[in-house]
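Asker: Quick one, structure for this:
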Amino acid sequence: MRLYSLSVLYRGDPKVRLLKAAYDVSTFSFFQRSSVQEFMTFTSQLIVERSELGSRASVKEQEYLCHVYVRNDGLAGVVIADNEYPQRVCFTLLDKVLDEFSRQVSRADWPSGSPATISYAALDGHLSKYQVQ
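Answerer: Model prediction:
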């Protein structure tokens, strides 16, 4: 059971913006890591783009399960995990991360933010804390 990616995005108009992300690609070979990370970023943005505001869903993509939660205010979170990781735990993590993010990062920064400009350092910690050994 493994978590590979935890992302916070903003579903704006007309496009989805990645605000912050954490990845665990340590199980992939060194040469695969950047393309796997790109795939996860692209997939996260695509899933948020295709999800309605106020919705939760789990989408199977290749050998991964992508859990998405898009809040009514446009803030969204995506967890990419393997098929065995419990869905309920993923949505609990997404609730926690989005609540914390919205308290720490001003809503005015969401539409124009990027991973370089948003200061929210807790994602890596959450990703490793929720990793099942």
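Asker: where along this protein do the helices fall?
Answerer: Using DSSP state H, the helices of the chain run over residues 33-49, 87-104, 123-129.
Asker: For the last one, which residues meet the burial criterion?
Answerer: It refers to helix 123-129. 123, 126-127 (16 or more other CB atoms under 10 Å). The C-beta positions use only the backbone N, C-alpha and C, and glycine is treated the same way.
Asker: so where's this structure uncertain?
Answerer: 133 (pLDDT under 70).
Asker: I'd like to know how far the residue of the chain positioned farthest from its centre sits from S44.
Answerer: Distance from the centre of the chain peaks at F31, with 22.9 Å (CA atoms, centre = their mean). Distance, F31 to S44, using CB to CB, to the nearest Å: 22 Å.
Asker: same check, this time on D82
Answerer: From D82 to S44 the distance is 16 Å (CB to CB).
Asker: List the contacts of Y69.
Answerer: Residues near Y69 by CB atoms under 8 Å, 6 or more residues apart in numbering: 55-56, 76-78, 91, 94-95, 98.
Asker: Show me which of these is closest to Q131.
Answerer: L94 (15.5 Å; CB to CB).
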